[in-house]
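J.: Predicted model, plus sequence, below.
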Amino acid sequence: MVVIPVALSGRSYDVTIEAGLLGDLAGHAGAYLSGFAGRAVPFVSDANTHRLYREAVEASLAQAGHQAEWFVVEPGEGAKSWRVLEELTDWLLALGVTRSEHVFALGGGVVGDLTGFACAVTKRGCGFVQIPTTLLAQVDSSVGGKTAINTGAGKNLIGAFHQPSAVLIDPLVLDTLPDREMRAGYAEVVKYGLLGDAAFFEWLEANGSKVIAREPEALTHAIATSIRAKARIVAEDERETTGVRALLNLGHTFGHALEAETGFSERLLHGEGVALGMVLAARYSVRRGEMTGQDATRAAQAIAASGLPSEIRDLGLTCDGAKLVDHMRHDKKMEGDTLPFLLMRGIGEAYLARDVELADVAAFLDGELA
């Protein structure tokens with residue numbers, strides 16, 4: 001078992017990683033179940049995760065004298081909507097959830113984001129526990145307290161910072177994750193190497209195939225290393241006010257624009273967009289004379305070797321660079337007429353650039369699209 005603290009002033013919590021954890025969920029989550037004597041424990045899940053893990057969860061709870069009540073959403077980004085948020089908060093209120101009780105989010109990033117935001121606004125804040133079931137959620141979205149829904153204006157533009165009380169990770173649940181989803185989550189693992197840990201990136205170059213193949217030792221090492229990196233950054237800059245936490249957005253500005261152009265659909269998963277976004281960030285850093293072409297090539301090769309997209313032209317887009325930049329203008333990181341970009345000076349050396357001209361980005365993207 002690996003326990004990683006997320007050290008926040010007055011609100012610290014632990015991330016626990018243990019193979020088989022879900023089978024003993026009640027034992028690991030006992031502190032958050034005690035208030036539900038004689039009442040059902042609220043669980044939020046998507047239909048796929050509910051089908052796969054309902055039996056194991058209910059069996060563990062039953063041994064501790066508890067039963068679950070389920071709110072099940074359809075898989076995909078469509079669940080992060082005003083409509084579903086309203087349904088979920090009404091459901092929590094009907095269950096009589098109090099500020100001192102906890103809601104359990106069992107699923108990927110969509111379930112975690114939706115549940116966390118619902119808990120942030122229900123009775124001005126009730127507790128929740130993250131049980132992430134995708135690699136992307138385990139290494140990224142379940143840790144750090146960012147919660148949100150999507151709107152017509154863009155992705156994750158309505159939300160709140162609301163930290164979980166605990167994050168419980170069972171690497172064995174990844175055995176049922178489709179290969180494409182596994183690779184999409186791996187993009188976020190590579191991100192931690194590129195943004196600030198050259199040694200970890202080098203380890204991934206040698207061992208990334210083992211992580212994607214779910215070899216236990218390599219997988220646990222990758223998950224734990226990624227979470228430790230994120231925990232350090234979140235502890236230093238919880239609400240992204242100093243620029244440190246912004247490093248976690250490496251690849252996201254380009255990636256979100258690509259997701260928007262493809263309709264936030266199955267055509268391009270979030271992790272795939274981030275992977276391609278990191279390649280573009282590296283190449284744009286070369287364009288600015290800040291990163292060597294050799295390092296940018298290493299980044300692209302590591303991403304391509306994992307089966308993730310590394311060439312924008314392979315998406316078959318019909319837009320130009322200006323259209324992609326228009327999507328970027330809706331980015332929540334916009335500061336007046338300026339959009340900060342996460343760029344790189346080398347492998348493991350990401351930084352926040354505030355002098356990027358969007359017209360130059362559009363010209364760069366035209367070249368990548370050609």
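T.: Structure received.
J.: ranges for the helices of the chain?
T.: Using DSSP state H, the helices of the chain run over 25-28, 30-33, 47-63, 82-95, 109-121, 135-136, 179-196, 198-212, 216-236, 252-261, 270-287, 293-305, 321-328, 358-369.
J.: Name the stretch among those helices that sits most buried.
T.: helix 135-136 (a mean of 28; mean count of other C-beta atoms under 10 Å). From N, CA and C alone the C-beta is placed, and that goes for glycine too.
J.: Pull out the buried positions in whichever strand in the chain runs longest.
T.: Taking DSSP state E as the criterion, the chain has its longest strand at strand 154-161. Neighbour counts over strand 154-161 (16 or more other C-beta atoms under 10 Å) mark 154, 155, 156, 158, 159 as buried.
J.: wait, the last one sits on residue 141?
T.: No. Between residue 159 and residue 141 there is no contact, the gap being 11.6 Å when judged by C-beta atoms under 8 Å.
J.: Give me the common contacts of those two.
T.: Common neighbours of residue 159 and residue 141 (criterion: C-beta atoms under 8 Å, 6 or more residues apart in numbering): residue 113.
J.: Nearest to the middle of the protein, which residue? Look it up for me.
T.: For the chain, the residue nearest the mean C-alpha position is residue 141 (3.1 Å; C-alpha atoms, centre = their mean).
J.: now stretch 184-201: mean pLDDT?
T.: The pLDDT scores in stretch 184-201 average 98.
J.: any idea how far that stretch is from the chain center?
T.: The chain centroid and the centroid of stretch 184-201 are separated by 13 Å under C-alpha atoms, centre = their mean, to the nearest Å.
J.: Also stretch 321-333?
T.: 21 Å.
J.: Averaged pLDDT, it. What do you get?
T.: 90.
J.: what's next to that stretch, contact-wise?
T.: Here stretch 321-333 makes contact (C-beta under 8 Å, 6+ apart) with 153-154, 156-157, 246, 249, 253-254, 256-258, 260-261, 339-340, 358-359, 361-366, 368-369.
J.: gap between the spatially closest residue to residue 22 that is not a sequence neighbour and residue 136?
T.: In this structure, residue 22 finds its nearest non-sequential neighbour in residue 170, 4.4 Å apart by C-beta to C-beta, 6 or more residues apart in numbering. Going from residue 170 to residue 136 by C-beta to C-beta, to the nearest Å gives 15 Å.
J.: try residue 54
T.: Residue 54 sits 22 Å away from residue 136, taking C-beta to C-beta as the criterion.
J.: With residue 183 instead?
T.: Taking C-beta to C-beta, one finds residue 183 at 10 Å from residue 136.
J.: So for the two, which residues contact both of them?
T.: Shared contacts of residue 183 and residue 136, counting by C-beta under 8 Å, 6+ apart, come down to residue 271.
J.: any chance of the helices of the chain in JSON lines, plus distance to residue 314?
T.: Putting those into JSON lines (distance: least, C-beta to C-beta, whole Å) gives the following:
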{"stretch": "helix 25-28", "distance to residue 314": "41"}
{"stretch": "helix 30-33", "distance to residue 314": "45"}
{"stretch": "helix 47-63", "distance to residue 314": "27"}
{"stretch": "helix 82-95", "distance to residue 314": "33"}
{"stretch": "helix 109-121", "distance to residue 314": "24"}
{"stretch": "helix 135-136", "distance to residue 314": "21"}
{"stretch": "helix 179-196", "distance to residue 314": "15"}
{"stretch": "helix 198-212", "distance to residue 314": "20"}
{"stretch": "helix 216-236", "distance to residue 314": "26"}
{"stretch": "helix 252-261", "distance to residue 314": "11"}
{"stretch": "helix 270-287", "distance to residue 314": "9"}
{"stretch": "helix 293-305", "distance to residue 314": "10"}
{"stretch": "helix 321-328", "distance to residue 314": "15"}
{"stretch": "helix 358-369", "distance to residue 314": "11"}
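J.: which one of these lies closest to residue 350?
T.: helix 179-196 (3.9 Å; C-beta to C-beta).
J.: Compute the inter-axis angle for the closest one and helix 252-261.
T.: Interaxial angle of helix 179-196 relative to helix 252-261 (axes from the mean of the first three to the mean of the last three C-alpha atoms, to 10 degrees): 150 degrees.
J.: for helix 179-196, packing partners?
T.: Helices and strands touching helix 179-196, as assessed by 3 or more C-beta pairs under 8 Å, 6 or more residues apart in numbering; DSSP states H and E, comprise helix 135-136, helix 198-212, helix 216-236, helix 270-287, helix 293-305, strand 341-344, strand 350-353.
J.: That helix: how far from the chain's middle?
T.: 10 Å.
J.: Now that residue 11 has come up, it's in contact with residue 163, right?
T.: Yes. Using C-beta under 8 Å, residue 11 is in contact with residue 163, at 5.4 Å.
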